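K.L.:
After the sequence you'll find the predicted model.
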Amino acid sequence: MKATIPALAVLSLVLGGCAGKGEIDATGGITAVRSACPTVAVPANTGDVTLFDPATSTDASAIDVTAAMTNVRSTCNDAGDQIVTSVTFDVHGLRTRTDGARDVQLPYFITIVRGGGAVVAKRIATVNLHFDAGQARATASGTAETQVARSAATIPDAVRQQLTRKRKAGEEDAAVDPLSRPEIRQAVLRATFEALVGFQVTDAQLKYNATR
């Protein structure tokens, strides 16, 4: 069953991941075809989280802990049948009250999205922020991993030939972008994956991030 993520449709790309670029040469063929590795991104409004005390308040005076995900990096191993992407990131936390040591566990997710909207896999883990007594700041690191079947991330040969076919001036389709054809565009989308990582925020936290 396919799932969609309309609330996260607008992505804040934090790095290019392993994706490549297609460039159209002088004869109309695409000379550089993108990698099968997924692009890594943080969905909008999930890169930071705010905890309140009391939890029902969103007043600035009630802010308890804030945390932000930074330094998101990825490596991709596409040598085998499974394309494995490893993601690492840092979390910087800030708390209001510093009386005593404290541990704050924050859930985060790693999601594989196919074709720009269909969620095909999701995992949730937690990262622990440890605040020493008297300290307002804490830093932690998190990791995540995704796997995509190479067969699913590979553009069919027939479509690849359409994308890379040389076009001579004067031919009927010389000036036509092959990606303007729905069947070609859909085939490329089906083979395109994104690895999305962010805090597993509640609906209320997501709304707060979007409207503050």
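P.N.:
Alright, I've got the coordinates.
K.L.:
all helices for the chain, in order.
P.N.:
Secondary structure of the chain (DSSP state H): helices located at 157-164, 182-190, 203-211.
K.L.:
Among those, show the one with the smallest mean pLDDT.
P.N.:
Here the lowest mean pLDDT among those goes to helix 157-164, at a mean of 66.
K.L.:
low-scoring stretches of the chain, by residue?
P.N.:
1-34, 158-181, 183 (pLDDT under 70).
K.L.:
same thing but 80
P.N.:
1-35, 155-189 (pLDDT under 80).
K.L.:
any idea where the strands of it begin and end?
P.N.:
3-4, 11-12, 39-43, 48-52, 63-77, 82-95, 102-114, 118-131, 137-149, 193-199 (DSSP state E).
K.L.:
and the fifth one, which strands flank it?
P.N.:
Same thing as strand 63-77. Here strand 63-77 has these sheet partners by DSSP bridges: strand 48-52 (antiparallel), strand 82-95 (antiparallel).
K.L.:
what comes into contact with the shortest one?
P.N.:
This points to strand 48-52. 58-59, 62-69, 104, 106, 199, 201, 205, 208-209 (C-beta atoms under 8 Å, 6 or more residues apart in numbering). Glycine gets a C-beta too; all of them are placed from N, C-alpha and C.
K.L.:
Identify the residues contacting the residue nearest to Thr192 when sequence neighbours are not counted.
P.N.:
Closest residue to Thr192 in three dimensions, ignoring its sequence neighbours and counting by C-beta to C-beta, 6 or more residues apart in numbering: Gly115, at 6.2 Å. Applying C-beta under 8 Å, 6+ apart to Gly115 gives the contacts Leu189, Arg190, Thr192.
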